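Colleague: no FASTA, just this:
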């Protein structure tokens, strides 16, 4: 499988585990997540072939802020990123870590397009 689409369904919360996706889809090139809860966003540099990631309003509500962006954007071949994130879930330390990793050329070296967005309204 080279593409995985996870889309919301009315009255059903979608939850996924990136480790499970990696185990069953090691050749994944495109990952699309809409209104999905991502459990334990581990480092995804093991997604060696992932070239595109689209996360449109992830629904994590962690009790403690975690390095969400710096973890999910660690895939070595990422070329296209599209993010629409709830602003209250962004963490200043995570953004600093992300900027540091980029400046040291540790991640996103193949990036061709980046489309960021913030969700400001309350989204149940």
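Modeller: Thanks, I have the structure now. In this text the structure is predicted, and so the values were computed from the model without any measurement.

Colleague: From here on, just use CA atoms for contacts and neighbour counts.
Modeller: Will do.

Colleague: For residue 31, see how far away the residue most central in space within the chain is.
Modeller: For the chain, the residue lying nearest the average C-alpha position, counting by Cα atoms, centre = their mean, turns out to be residue 72 (4.4 Å). Residue 72 sits 11 Å away from residue 31 when distances are taken as Cα to Cα, to the nearest Å.

Colleague: before we move on, what about residue 7?
Modeller: 11 Å.

Colleague: Comparing those two, which residue is more hemmed in?
Modeller: Set side by side, residue 7 and residue 31 give different neighbour counts by other Cα atoms under 10 Å, the larger being at residue 31 (18 against 12).

Colleague: quick one, what contacts the more buried one?
Modeller: With contact set as Cα atoms under 8 Å, 6 or more residues apart in numbering, residue 31 has these partners: 3-5, 50, 52-54.

Colleague: Quick check: it is in a strand.
Modeller: Yes: residue assignment for residue 31, taken from DSSP: H, G, I helix; E, B strand; the rest coil, places it within a strand.

Colleague: what pairs with it across the strands?
Modeller: residue 4, residue 53 (DSSP bridges).

Colleague: And it, how far from residue 96?
Modeller: When Cα to Cα is the yardstick, residue 31 and residue 96 sit 25 Å from each other.

Colleague: tally of neighbours for residue 1?
Modeller: The burial count assigned to residue 1 is 10, neighbours taken as other Cα under 10 Å.

Colleague: distance of residue 48 from residue 26?
Modeller: Applying Cα to Cα, one obtains 8 Å for the distance of residue 48 from residue 26.

Colleague: what does residue 103 give?
Modeller: 28 Å.

Colleague: Pick out whichever of the two has more residues nearby.
Modeller: When neighbours are counted by other Cα under 10 Å, residue 26 comes out ahead of the other of residue 103 and residue 26, with 16 against 12.
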